[in-house]
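Q: what follows is a predicted structure for the sequence shown.
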Amino acid sequence: MSPTTLSAGPEHGHVTFLGAGPGDPGLLTLRAVEALANADVLVAEHEVLDVVRQHARQGVSEVHTDADPSQDPAPGTGTPQLTVVDGTSTTAPVPVVRDAAHLVMEAARGGRRVVRAVSGDPGLDTYAAEEMLACAAAGVPFEVVPGIASAVGVPAYAGVPLRDAQGADVRFVDARTASDRCWTEVGASDGTVVVSTTLDSVAAAAGELVSAGRKPDTPMTVTVAGTTTRQRTWTATLGTIAQTLKQAKVLPSPEGGRPVIAVVGERSSAAQRDQLAWFESKPLFGWKVLVPRTKEQAVSLSDQLRSYGAVPHEVPTIAVEPPRTPQQMERAVKGLVTGRYEWIAFTSVNAVKAVREKFEEYGLDARAFAGIKVAAVGEQTAKALIAFGVKPDLVPSGEQSAAGLLEDWPPYDPVFDPIDRVFLPRADIATETLVAGLIELGWEVDDVTAYRTVRASPPPAETREAIKGGGFDAVLFTSSSTVRNLVGIAGKPHNVTVIACIGPATAKTAEEHGLRVDVMAPEPSVLKLAEALADFGAKRRAAALEAGDPVTRPSERRPGARRRRSTT
């Protein structure tokens, strides 16, 4: 959205004031996701854009602030200062600083569908009401999509219930705008008080409550970066919170202006949090886990890691290229159409992609599989086929591998199988397990190189330094080639990084590269590998708590700490 298109014509668009919730993208409502998918323009502070942009359509224009979110709006504007960045222009973006109400109005007058995303809920946002009034005055249609308010969502993620069976009173206070009268009223109450403030103002807010009549020994919890994997919660009292934050070495800090949610009252006591802190007690909470796979390959694995509280970071170690001689693949695809094959077996998502691309080259679609039985080596490959419009006839009921596929593959029967040939599109470096097994079952196999795997380009310098310097808590190796390629393009993981391997062959390769293997999957499955890492993290956490030590991530070990390489 360039400065000229902001005021393009009198046509009224539409504005959606959308609550982005407290920080976890998974807390967006279905209606919010729908509105974002149809938006022409997103208007939001930078940290809010990070939550909503993944649901926006490609090419959407973004309006964000580059200012420090802890600072007040620019004097005289009454609203946050936002920077326009043209998301569709082919020329260099031209930043234009204007206030949010003005930008929302001009974007809407240009006939665009505007989403104005705010943290938490629009009804509790300081400036959203002013922008809604501006739309109403100008006749610009708008709607409001509520979101989970930070003052409610963050305590839930911190394991701090706000009410109990007795139904005690709950008061909400924004310390940044609270008047003396407000503090007096909440101080006189014996109910729960939820305070929205900043890290460096927590002690002052606690002092206001004590001055207003609350006892200094009243329990208090303070949560920063709530609902995200950076969440951290401290438990203290109104009288001790300042000392607690000082001992935790979080204050003084240049990040003292970060927003926090503080809960004051008996329900925020440490005893209850020990039992109810479900989020921060996840087995891999906050762990930065390196996944040496492409985003396409790592989708389900990364989702599973996130469910354990981890932050997955995908780094491709291989790149996929067409075969050097495409004639063999071309003949095989033509054979599919002419009835040469009884079966086609897909051993990877890349094999599905290679065949699909060849189909599109010839103007074919999924109907070309009519009359052919289709096998997939595992669930992810099956999903890729379904996305292509093909439902596989055979997926292993047990181990998702070539061996597992052979366990369920029927032997050739000349009575029931009019054709005895199988088309096997696969990588140039694939093993012979499936080919040999199919031949043993009586099938003829056209073993065709559908794609080549080559070593990927090195990741960015920042990622390479994190790998070698101990910035990652764990790395998941899903094959021997991922070990060799990662070490080749990025260097050897630091000795504090937990090494997890999918099986004995991969573990042996890791040890040959001087790595200590901490975790091995009980069976060769990426999902079982993630489960094994989560179990390792849970045991590590339990051991720390039993010893009375703080729960830390592997990357938080003291600098220079070394560990022995396994000799077993």
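A: Thanks, I have the structure now. Numbers count the residues shown, from 1 in each chain.
Q: in the protein, where's the longest helix?
A: helix 526-547 (DSSP state H).
Q: distance from that one to the middle of the chain?
A: Distance of helix 526-547 from the chain centroid (Cα atoms, centre = their mean, to the nearest Å) equals 20 Å.
Q: could you give me the average pLDDT of that helix?
A: Per-residue pLDDT over helix 526-547 has a mean of 95.
Q: then stretch 103-121?
A: Rounded mean pLDDT across stretch 103-121 is 87.
Q: repeat that for stretch 201-217.
A: 94.
Q: and the strands in the stretch 151-300 of the chain, which stretches?
A: 170-174, 192-198, 219-224, 232-237, 259-264, 288-291 (DSSP state E, counting those that start in this stretch).
Q: name the stretch among the ones you listed that sits most buried.
A: Using mean count of other Cβ atoms under 10 Å, the stretch among those with the largest mean neighbour count is strand 259-264, at a mean of 26. (Glycine included, C-beta is placed from N, CA and C.)
Q: partner strands of it and their direction?
A: Strand pairing for strand 259-264, determined by DSSP bridges: strand 192-198 (antiparallel), strand 219-224 (antiparallel).
Q: make JSON lines from those strands and add distance to F477 to it.
A: Below are the strands paired with strand 259-264 laid out as JSON lines (distance: least, Cβ to Cβ, whole Å):
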{"stretch": "strand 192-198", "distance to F477": "42"}
{"stretch": "strand 219-224", "distance to F477": "34"}
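Q: quick one: closest of those to R421.
A: Closest to R421 of the strands paired with strand 259-264 is strand 219-224 (Cβ to Cβ; 62.5 Å).
Q: and the angle for the closest one with strand 232-237?
A: 160 degrees (axes from the mean of the first three to the mean of the last three Cα atoms, to 10 degrees).
Q: using CSV, write out the CA atom coordinates for strand 219-224.
A: Extracted in CSV, the C-alpha atoms of strand 219-224 (Å, rounded to 0.1, in the frame of the first residue of the first chain):
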residue,chain,number,x,y,z
PRO,A,219,0.3,-13.6,47.2
MET,A,220,1.2,-12.2,43.8
THR,A,221,2.2,-13.7,40.5
VAL,A,222,3.8,-11.8,37.6
THR,A,223,3.9,-13.3,34.1
VAL,A,224,5.8,-11.9,31.2
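Q: didn't L424 look like it was pressed against L434?
A: Yes - with contact defined as Cβ atoms under 8 Å, L424 and L434 form a contacting pair (6.7 Å).
Q: now the common contact residues for those two.
A: Shared contacts of L424 and L434, defined by Cβ atoms under 8 Å, 6 or more residues apart in numbering, are found at 345, 347.
Q: quick one: furthest residue from the center of this protein?
A: Most distant from the centre of the chain: V415, at 51.4 Å, with distances by Cα atoms, centre = their mean.
Q: re earlier: out of the strands of the stretch 151-300 of the chain, which gets nearest to L486?
A: Closest to L486 of the strands of the stretch 151-300 of the chain, according to Cβ to Cβ: strand 288-291, at 7.9 Å.
Q: averaged pLDDT, the closest one. What do you get?
A: Rounded mean pLDDT across strand 288-291 is 96.
Q: before we move on, the earlier item: for the longest helix of the chain, packing partners?
A: With contacts defined as 3 or more Cβ pairs under 8 Å, 6 or more residues apart in numbering; DSSP states H and E, the packing partners of helix 526-547 are helix 295-307, strand 474-477, strand 498-501, strand 519-520.
Q: which positions in that helix come out as buried?
A: Across helix 526-547, burial judged by 16 or more other Cβ atoms under 10 Å covers 526-534, 536-537, 540-541.
Q: now those in TSV, with distance to A137?
A: As requested, these are exported to TSV (distance: Cβ to Cβ, whole Å):
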residue	distance to A137
V526	56
L527	55
K528	59
L529	58
A530	53
E531	56
A532	60
L533	56
A534	54
F536	59
G537	54
R540	58
R541	55
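Q: quick revisit: so what touches the longest helix of the chain?
A: Surrounding helix 526-547, the residues in contact under the criterion Cβ under 8 Å, 6+ apart are 281, 283-284, 287, 289, 300-301, 304-305, 308, 474, 476, 478, 498, 500-502, 518-522, 550-552.
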